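In: Need the 3D shape of this:
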Amino acid sequence: MRGVDLAKIREAAERVAGSEGVEIVDVEWKEGRQRLLRVYIDKPEGITHGDCQRVSEQLGVLLDVEDLVPGSRYTLEVSSPGLDRKLRTPAEFERFAGRRVRISLAEPVENATFYEGRLAGLEGGMVRLELERNGQVVLLPLGGIRKANLVVEW
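Out: The predicted model follows:
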């Protein structure tokens, strides 16, 4: 049996997203006791349940017609990336400037691999982060970020 081609699934999801005015943030495939295809969508004003439902319905039909998920049954889940969403691309680090983030690094910068602070933008491949404890700005290499998430502020 052939495997799942996430690039083709993402391309199909992008076609549906374009027609619905949303963007694809991420596509994940998990196989265990059940097979799960998870698609994260977003738009500047936020995602509604209706957005998720429309994308799910259209994408489900497209996946079946194009036979992009071969084999036995699977679950398609379409959702928003959440309030504590992951940040991956340079555009996301710029878009969320001013928001609090938690960042883990693969290699230490100034003797630390974990930072929390306020995004101050992107500059030459470096993420500018203002530390809340002292207002100091540190530059973290975008390519060295292992994990970055927004922090929910109430």
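In: tell me the domain boundaries of this protein?
Out: The chain breaks down into these domains under automatic domain parsing: 6-79, 90-150.
In: can you pull the contacts of the nearest residue to Q34 once chain neighbours are set aside?
Out: Nearest non-adjacent residue to Q34, counting by C-beta to C-beta, 6 or more residues apart in numbering: T75, 6.2 Å away. Yep, even glycine has a C-beta here, placed from its N, CA and C like the rest. T75 makes contacts with 34-37, as judged by C-beta atoms under 8 Å, 6 or more residues apart in numbering.
In: quick check, nearest of the residues you listed to N149?
Out: Using C-beta to C-beta, L36 is the member of these that lies nearest N149, at 21.0 Å.
In: now could you export just the CA positions of the host helix or strand of that closest one as CSV?
Out: Here L36, judged by DSSP states H and E, is contained in strand 35-42. The C-alpha trace of strand 35-42 is given here as CSV (Å, rounded to 0.1, in the frame of the first residue of the first chain):
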residue,chain,number,x,y,z
ARG,A,35,-5.4,7.2,11.4
LEU,A,36,-5.7,11.0,11.9
LEU,A,37,-5.3,13.8,9.4
ARG,A,38,-5.2,17.1,11.2
VAL,A,39,-5.4,20.4,9.2
TYR,A,40,-4.9,23.8,11.0
ILE,A,41,-6.5,26.9,9.4
ASP,A,42,-6.4,30.6,10.3
